[in-house]
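Enquirer: Predicted model, plus sequence, below.
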Amino acid sequence: MSAEIFDPAELATISMTPAAQVHVRRQLAREGADALRLGITESGCNGYMYELSYLADRPANGRSFLFDDLTVVVDDEDWALVQGTVIDYVTEGLNSALTFKNPNATAECGCGESFSITNET
């Protein structure tokens, strides 16, 4: 049996692994964008899906998280659903993708693209 311990301070932010930062920087350069927006949409087999978009300009509203020269923006209305999330870039066999470890999610679909939350805040 294992237990995970979450530090409440970690829930006040999002984080990215070095592999995710390298991947996102490469994508931003390819798109000619300045920032990555991490959003949520109501969809998928579990209720919510992560939605990523590239921003030409950093918006004035929302929460911005800086990883050296990389900015990730989360809209205020999505914040309660993604706070504390760790973004990673994982390669399995020939496939590579961004993954999300979201401490707010109570269930995830098999592909990891959608999730549900029992007690929404």
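Expert: Sure thing, it's come through. Please read these numbers as outputs of a predicted model, since none were measured by experiment.

Enquirer: Helices of this protein, residue ranges please.
Expert: 18-31, 76-82 (DSSP state H).

Enquirer: Which secondary structure elements does the last one sit against?
Expert: Yep, that's helix 76-82 we're talking about. When contacts are defined as 3 or more C-beta pairs under 8 Å, 6 or more residues apart in numbering; DSSP states H and E, helix 76-82 packs onto strand 35-43. (Each C-beta comes from the backbone N, C-alpha and C, glycine too.)

Enquirer: switch the cut-off to 10 Å
Expert: Under the contact definition 3 or more C-beta pairs under 10 Å, 6 or more residues apart in numbering; DSSP states H and E, helix 76-82 sits against strand 35-43, strand 47-55, strand 63-67.

Enquirer: returning to that earlier point: closest to residue 56 out of the helices of the chain?
Expert: Nearest to residue 56 among these is helix 18-31 (8.6 Å), distances taken as C-beta to C-beta.

Enquirer: pLDDT weak spots in this structure?
Expert: For the chain, the stretches with pLDDT under 70 are 1-11, 44-46, 109-113, 119-121.

Enquirer: on that earlier part again, any idea which of the helices of the chain gets closest to residue 117?
Expert: Taking C-beta to C-beta, helix 76-82 is the member of those nearest to residue 117, at 6.5 Å.

Enquirer: Now the closest one: buried residues?
Expert: Residues of helix 76-82 classed as buried by neighbour count (16 or more other C-beta atoms under 10 Å): 78, 81-82.

Enquirer: Pull the residues that contact it.
Expert: Defining contact as C-beta atoms under 10 Å, 6 or more residues apart in numbering, one finds that helix 76-82 is touched by 14, 37-41, 48, 50-51, 61-63, 74-75, 100, 102-105, 115, 117, 120-121.

Enquirer: Nearest to residue 55, out of the helices of the chain?
Expert: Short answer: helix 18-31, nearest of the helices of the chain by C-beta to C-beta, at 9.0 Å.

Enquirer: got the buried residues for that closest one?
Expert: Neighbour-count burial for helix 18-31 flags 20-21, 23-24, 28 (criterion: 16+ other C-beta under 10 Å).
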